[in-house]
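Peer 1: Predicted model and sequence follow; I will ask about them next.
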Amino acid sequence: MKYESLTAESLKKELTAEKKRYDAFVKEKLSLDMSRGKPAADQLDLAMPLLSALNENTKFPKGPDYRNYGLSDGIPELKELFSELFDVPQEYVYIGGNSSLNLMYDMISDAMLTGVLGGTPWTKLEGKVKFICPVPGYDRHFNICEKLGIEMISVPMNENGPDMDIVEELVASDPMIKAIWCVPRFSNPSGIVYSEETLRRLAKMKVAAPDFRIYYDNSYFVHELYEDAPALANIFDIAKEFGTEDRIYMFSSTSKITFAGGGVSVLIASPKNMASVKEKMGWKTIGFNKVWQYAHALFLGSANNVKAIMKEQASRIRPKFDLVLNALKESFGDSDLVTWNEPKGGYFICLKCPSGTAKKIWATCKKAGLTITPAGASHPLHMDDSDSYLRIAPTYPSLEELGKATEILMTVIKMAVIESLLK
């Protein structure tokens, strides 16, 4: 419905009807969760064979005993798998624990305390370290910066990635800008896939800080929902052209491929960076769980098999995205007041509602028993000046629960839209 074309009298009638629907939802005393991009139980069920990949009769490969110390950078079988999956040399690959976010935090805290490749530790610099944060973006990235005292500079996203005109101007002029956060394929939450031109500009841009780094969170690399999902160019191949491979730290994990709380993570970096990573990681750990790494290597098998697993994942997720997207089209397809992305992969739908309504929508949903990601989470310090962005995560609820949750969400957004027009 094109609410902006209705008369005030018609809007009031619509508002009365939606409030009646909303009151009925409140009386149901529901408890529904669309707050985070968590896999549903039927997705996690696909990884259950992982638990039987090893048993008491398992023969480990000859060489270092995976049950013992050693191989602190990961087992060769899993390094080979990620090398194939991301099309990078095997020596670029470091295997971590279950969380790629943990690796990101380690890399930044190490830079703060010990510097980057022999450079001055960031805590000893005069002035405040700054990161560029494309928005809307991933709240956990912003949380790291906030907790480590890093100033965040918001840069808007467009259909090709961050606005590179702004990024290039900023990094060329300020040596205290040390990094940029990137989620290059199916960005959280906007679902954008960075264009090759954006990656080329990131690789070749002039930077005032010699220790500038791209924190390249490629966690959704194989999380396609539709077969026509756009591909992502290889940033390491591009960076080689400009001699800037050292600029990139790539991160990923199997958190949404195997078990969300029990996968393995990966850091991919140039040989010079990798030597530093191994040294610094050696100060804090004697190695991650190589036995579990080997179970993953046996279960995942190859890059092609990973893609086959993800096709099955997509078949279970896609109906949920279709449900929410169809509801949005039915409710607001004729209106310009509510807009959203139609992601080809990843875990989120990003809504943009009328300015000044996001916080109210979040609170009103909560009162009806629906938890969504807090308004403002997609911006540094939760400061969305427009108060308009909301991140919707359709994956975790069952289809039945999601249907009810979507009904509530549409009703609450309609109420907010009508009330904003009546003002």
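Peer 2: Good, I have the coordinates.
Peer 1: Just give me how far stretch 9-17 sits from the chain centre.
Peer 2: Relative to its parent chain, stretch 9-17 has a centroid offset of 39 Å by CA atoms, centre = their mean, to the nearest Å.
Peer 1: Same check on stretch 156-172?
Peer 2: 19 Å.
Peer 1: Let me see the residues that make contact with it.
Peer 2: 132, 134-137, 153, 155, 177, 180, 182, 184, 187, 190, 192, 194-195, 197-199, 201-202, 205-209, 212 (CB atoms under 8 Å, 6 or more residues apart in numbering). Where C-beta positions appear, they are placed from N, C-alpha and C, glycine not excepted.
Peer 1: which of these count as buried?
Peer 2: 132, 134-137, 153, 155, 177, 180, 182, 184, 187, 190, 192, 194-195, 198-199, 201-202, 205, 207, 209, 212 (16 or more other CB atoms under 10 Å).
Peer 1: Just the ones in helices from those residues, please.
Peer 2: Secondary structure from DSSP state H places T198, L199, R201, L202 of those in helices.
Peer 1: Among those residues, give me the pair with the biggest separation.
Peer 2: Largest separation among those by CB to CB: L199 and R201, giving 7.3 Å.
Peer 1: which residues do the two both contact?
Peer 2: Counting by CB under 8 Å, 6+ apart, nothing touches both L199 and R201.
Peer 1: Low-confidence regions, the stretch 301-423 of the chain specifically.
Peer 2: Scanning the stretch 301-423 of the chain for pLDDT under 70 picks out nothing.
Peer 1: Do a quick rundown of the helices in it.
Peer 2: 303-332, 358-367, 399-422 (DSSP state H, counting those that start in this stretch).
Peer 1: Switch these over to a markdown table; also include mean neighbour count.
Peer 2: As requested, the helices of the stretch 301-423 of the chain are exported to a markdown table (neighbours: other CB atoms under 10 Å):
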| stretch | mean neighbour count |
| --- | --- |
| helix 303-332 | 16 |
| helix 358-367 | 18 |
| helix 399-422 | 20 |
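Peer 1: Let me have those in TSV, adding distance to D73 as columns.
Peer 2: As requested, those are exported to TSV (distance: least, CB to CB, whole Å):
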stretch	distance to D73
helix 303-332	20
helix 358-367	42
helix 399-422	41
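Peer 1: May I have the distance across stretch 142-157, first residue to last?
Peer 2: Terminal residues of stretch 142-157 lie 16 Å apart, using CA to CA, to the nearest Å.
Peer 1: buried stuff in it?
Peer 2: F142, N143, I144, C145, L148, I150, M152, I153, S154, V155, M157.
Peer 1: give me the element I214 is part of.
Peer 2: strand 213-217 (DSSP states H and E).
Peer 1: Partner strands of that strand, with direction?
Peer 2: Paired neighbours of strand 213-217 in the sheet (DSSP bridges): strand 177-182 (parallel), strand 248-253 (parallel).
Peer 1: Beyond it, next helix or strand please.
Peer 2: That would be, after strand 213-217 and using DSSP H and E, helix 235-242.
Peer 1: Give me the contact list for that next one.
Peer 2: Contacts for helix 235-242 (CB under 8 Å, 6+ apart): 87-88, 92, 184, 196, 199-200, 202-204, 214, 216, 245, 247-248, 250, 268, 270.
Peer 1: Quick check on these: which are buried?
Peer 2: 88, 92, 184, 199-200, 202-203, 214, 216, 245, 247-248, 250, 268, 270.
Peer 1: and which of those is nearest A24?
Peer 2: For these, the closest approach to A24 (CB to CB) belongs to P184, at 43.1 Å.
Peer 1: if I pick the closest one, what's in contact with it?
Peer 2: G161, V193, Y194, L199, Y216, D217, N218, L232, I235.
Peer 1: Centroid-nearest residue for this protein?
Peer 2: Residue closest to the mean C-alpha point of the chain, counted by CA atoms, centre = their mean, is N188 at 4.0 Å.
Peer 1: which one is that one nearest to, not counting chain neighbours?
Peer 2: Y138 (4.3 Å; CB to CB, 6 or more residues apart in numbering).
Peer 1: Could you check how far the closest residue to D139 other than its chain neighbours is from T411?
Peer 2: Once flanking residues are discounted, D139 sits nearest to A377: 4.2 Å by CB to CB, 6+ apart. Shown here: A377 relative to T411, a distance of 22 Å by CB to CB, to the nearest Å.
Peer 1: same thing with L300?
Peer 2: 42 Å.
Peer 1: Show me where the stretch 251-400 of the chain has its strands.
Peer 2: Ranges of strands in the stretch 251-400 of the chain, per DSSP state E, counting those that start in this stretch, are 265-269, 339-340, 349-352, 370-372, 389-392.
Peer 1: In the stretch 51-200 of the chain, mark out all the helices, start to finish.
Peer 2: Here the stretch 51-200 of the chain has its helices, by DSSP H, counting those that start in this stretch, at 76-86, 100-114, 139-147, 164-173, 196-204.
Peer 1: could you redo the contacts of P184 as CSV and give each row pLDDT?
Peer 2: CSV is the format used below for those (pLDDT from 0 to 100):
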residue, pLDDT
G161, 98
V193, 98
Y194, 98
L199, 98
Y216, 98
D217, 98
N218, 98
L232, 98
I235, 98
